[in-house]
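[1] show me how the following folds:
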Amino acid sequence: MSNLESELRQAMIEETSALGAPPDLAHQVTRRARRRRRSHLTALAVAAAIAAVAVAVPAYLGGQASDVAAPTPPAVVDGVQVGYLPSGLGTPEQEKVRDGGLPGTRATWGSGDDEVLVTVYRPPVLELGDPEVMLARLKESSGALRGGALVRGRPGLTTLADDDLVWVERPDLVLRVTVGTRHRSDLRAVADGLEPEGRTGGAFEGLLLTYLPAGLHLDGPASANGSWTQMRWSGNDVSMRLLAVRGADAEDSQTLLAWAGTHQRLSGGTPEKVRGKPGYSATLDDPDQRQAHVRLWVEKQGLGYLLAVSRPLAPELDRIVDGIVPAEPATVPGEPVDGVGVTYLPPGSQRTTPGSNMRFGSGWSATIDRWSSSRGDVEVTVARGGVLHTSQWLDEFLLGEKRQSAPVGRAPVGIWTTDPNGRRGAFWVAPGVAVHVKVSPELAGELDRIVAGIRVPGS
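    Numbers count the residues shown, from 1 in each chain. Alright, predicted model coming up:
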């Protein structure tokens, strides 16, 4: 039994010894409870305990214990801990949603006037936008939301009825709380009790940063800069950048070092293992960071990283690097190809190679898998890199292919292709990836069905 429960029990015994409850009982319990408040959520627990006393005192005079609402069990919604919920709501039902183009997970407790909803939106990394733009999309999709709300120091949206609250917690995370009329007074408490779990640095291009120095915060969405992508964190007079370089510029650590010398003003480099991979330690001249300390390495052929921190963070650099771990790949249905699911293949199709093949270009890398059957062959290529949202790489990627622009599957813009061997294909760009499906002439009639069965997370 907790100290608070013991005090509540003792207070009730003392004050009901004469079968009567004096009017200052709640005051006495409140005074004792205040001494043990340690956080906002604890204060909410004390308030709930005081409410329980109001019910428990009549129980000593013959009331029924069943009148007391059971506490709502704690819950996690897509990595976000729900720290406070009104009592008596039970367990939630969770579902995938898409509001204003933002994919998310919604948990619903109760129904009608007694409901509480918590929605966690996670925009795809390369589709992250300005927080105001994301809020505007949600405002347009709702119709009832309006500006002017402030949640945990962050701008947000609410409604005139104060039953809906949404805000951008960080560039890759949007949170929302919606309540029925019975719980309007709980709206802010539920919002304040939401705590994102997990690694403080966030995820970027297949990596998770499990350690971030105090005072740093994510500066904005990931950005594509031609041949590389970048995530940036900043604080008071300190900053950190993590770059991902794909393709021919990251075939090995020496090639990556040469690229960094040309594109990132890198000065020299001392060979060393970084995360157990071939790499270098170095410095670079950065207009924003003055002189930055750097670690760069090749995670695998065709994929390299460069981590740069401003001089005051140099003592923390090794700890930051040690805290970088591979991100768990998203679960996809069907046959996986670099995080993309292939849910339909012609009957009898079998993979023709034990492992995937790779292709490298200027600022992009591609994973290729092939299947064969008695009727013909299927090839699926998944490309990634900072150049995917530009036109400069298409001539290199689709070299030798005849092209015809037209919608492909659910993608409103795509390219239908034919290679010199007569193989038909379909190409389109989804969030963070480009996909190219090709089939032998005998399977041309199956191409649409194969394309319809491709599953790209976040699209």
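
[2] low-confidence stretches in the stretch 301-450 of the chain?
    Across the stretch 301-450 of the chain, residues meeting the criterion (pLDDT under 70) sit at 355, 389.

[3] give me that answer again for 80
    328-331, 353-356, 388-392, 431 (pLDDT under 80).

[4] what about the strands in it?
    Ranges of strands in the stretch 301-450 of the chain, per DSSP state E, counting those that start in this stretch, are 303-310, 324-326, 335-337, 340-342, 350-351, 357-361, 364-373, 376-384, 402-405, 415-418, 424-430, 433-439.

[5] distance to residue 195 added to those, as CSV?
    All C-beta spots, glycine's among them, are computed from the backbone N, C-alpha and C. Supplementary listing: the strands of the stretch 301-450 of the chain in CSV, determined by distance: least, C-beta to C-beta, whole Å:
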stretch, distance to residue 195
strand 303-310, 27
strand 324-326, 21
strand 335-337, 32
strand 340-342, 31
strand 350-351, 43
strand 357-361, 40
strand 364-373, 36
strand 376-384, 32
strand 402-405, 47
strand 415-418, 45
strand 424-430, 31
strand 433-439, 31
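
[6] among these, which is nearest residue 169?
    strand 324-326 (22.4 Å; C-beta to C-beta).

[7] for residue 176, grab the count of nearby residues.
    A count of nearby residues for residue 176, using other C-beta atoms under 10 Å, gives 25.

[8] who's in contact with the residue nearest to residue 111 when sequence neighbours are not counted?
    Counting by C-beta to C-beta, 6 or more residues apart in numbering, residue 180 is the residue found nearest to residue 111 once chain neighbours are left out, at 7.9 Å. With contacts defined as C-beta atoms under 8 Å, 6 or more residues apart in numbering, the neighbours of residue 180 are 110-116, 163.

[9] sorry, back to before: can you lay out the strands of the stretch 301-450 of the chain as CSV showing distance to residue 217 and mean neighbour count?
    Converted to CSV, these look like this (distance: least, C-beta to C-beta, whole Å; neighbours: other C-beta atoms under 10 Å):
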stretch, distance to residue 217, mean neighbour count
strand 303-310, 14, 25
strand 324-326, 18, 15
strand 335-337, 34, 18
strand 340-342, 32, 21
strand 350-351, 44, 11
strand 357-361, 34, 16
strand 364-373, 30, 20
strand 376-384, 26, 22
strand 402-405, 42, 11
strand 415-418, 40, 18
strand 424-430, 29, 22
strand 433-439, 28, 23
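
[10] tell me which of the ones you listed sits nearest to residue 276.
    With respect to residue 276, and counting by C-beta to C-beta, the nearest of the strands of the stretch 301-450 of the chain is strand 324-326 at 11.1 Å.

[11] parallel or antiparallel, list what pairs with the closest one.
    Each strand that strand 324-326 pairs with, and the sense of that pairing, follows from DSSP bridges: strand 207-209 (antiparallel).

[12] need the buried ones from the contacts of residue 180 selected in PyMOL.
    To isolate the buried subset of those in PyMOL, counting by 16 or more other C-beta atoms under 10 Å, use the following:
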select buried, resi 110+115+116+163
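
[13] strands - which of the contacts of residue 180 land there?
    residue 116 (DSSP state E).

[14] so can I have TSV of the contacts of residue 180 showing pLDDT?
    Formatted as TSV, the entries for the contacts of residue 180 read as follows, by pLDDT from 0 to 100:
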residue	pLDDT
110	92
111	91
112	92
113	92
114	92
115	94
116	95
163	92
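
[15] can you name the two of the contacts of residue 180 that are farthest apart?
    Maximum pairwise distance in those, criterion C-beta to C-beta, is 14.3 Å, between 111 and 163.

[16] now the helices for the chain?
    Assigned by DSSP state H, the chain shows helices spanning 3-15, 25-34, 40-60, 131-142, 187-192, 253-263, 317-322, 394-397, 447-452.

[17] what sits up against the fourth one?
    Spelled out, it's helix 131-142. Contacting residues not belonging to helix 131-142 are listed as 99-102, 123, 145-147, 154-157, 164, 166-168, 171, 174, 176 [C-beta under 8 Å, 6+ apart].

[18] state the mean pLDDT of it.
    Mean pLDDT, taken over the full extent of helix 131-142, equals 80.

[19] CA-only coordinates of that helix in PDB, if you can.
    The C-alpha coordinates for helix 131-142 follow below in PDB (Å, rounded to 0.1, in the frame of the first residue of the first chain):
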ATOM      1  CA  PRO A 131       4.500  22.500 -39.000                       C
ATOM      2  CA  GLU A 132       2.100  25.200 -40.200                       C
ATOM      3  CA  VAL A 133       1.500  23.400 -43.400                       C
ATOM      4  CA  MET A 134       0.700  20.100 -41.600                       C
ATOM      5  CA  LEU A 135      -1.700  21.900 -39.300                       C
ATOM      6  CA  ALA A 136      -3.300  23.600 -42.200                       C
ATOM      7  CA  ARG A 137      -3.900  20.200 -43.900                       C
ATOM      8  CA  LEU A 138      -5.600  18.900 -40.700                       C
ATOM      9  CA  LYS A 139      -7.600  22.100 -40.300                       C
ATOM     10  CA  GLU A 140      -8.900  21.800 -43.900                       C
ATOM     11  CA  SER A 141      -9.800  18.100 -43.400                       C
ATOM     12  CA  SER A 142     -11.700  18.800 -40.200                       C
END
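
[20] can you pull the buried residues of it?
    The neighbour-count criterion (16+ other C-beta under 10 Å) identifies 131, 134-139, 142 as the buried residues of helix 131-142.

[21] same question for the last one.
    For helix 447-452, the neighbour count (16+ other C-beta under 10 Å) marks 447, 450-451 as buried.

[22] which of those residues lies closest to residue 228?
    Of the buried residues of helix 447-452, the one sitting nearest to residue 228 (C-beta to C-beta) turns out to be residue 451, at 29.6 Å.

[23] that closest one against residue 437, yeah?
    Yes. Using C-beta atoms under 8 Å, residue 451 is in contact with residue 437, at 5.6 Å.

[24] now for the two: what residues contact both?
    Common neighbours of residue 451 and residue 437 (criterion: C-beta under 8 Å, 6+ apart): residue 426.

[25] show me the chain divided up by domain.
    With automatic domain parsing serving as the domain definition, the record reports that the chain contains domains spanning 3-67, 75-196, 202-326, 335-455.
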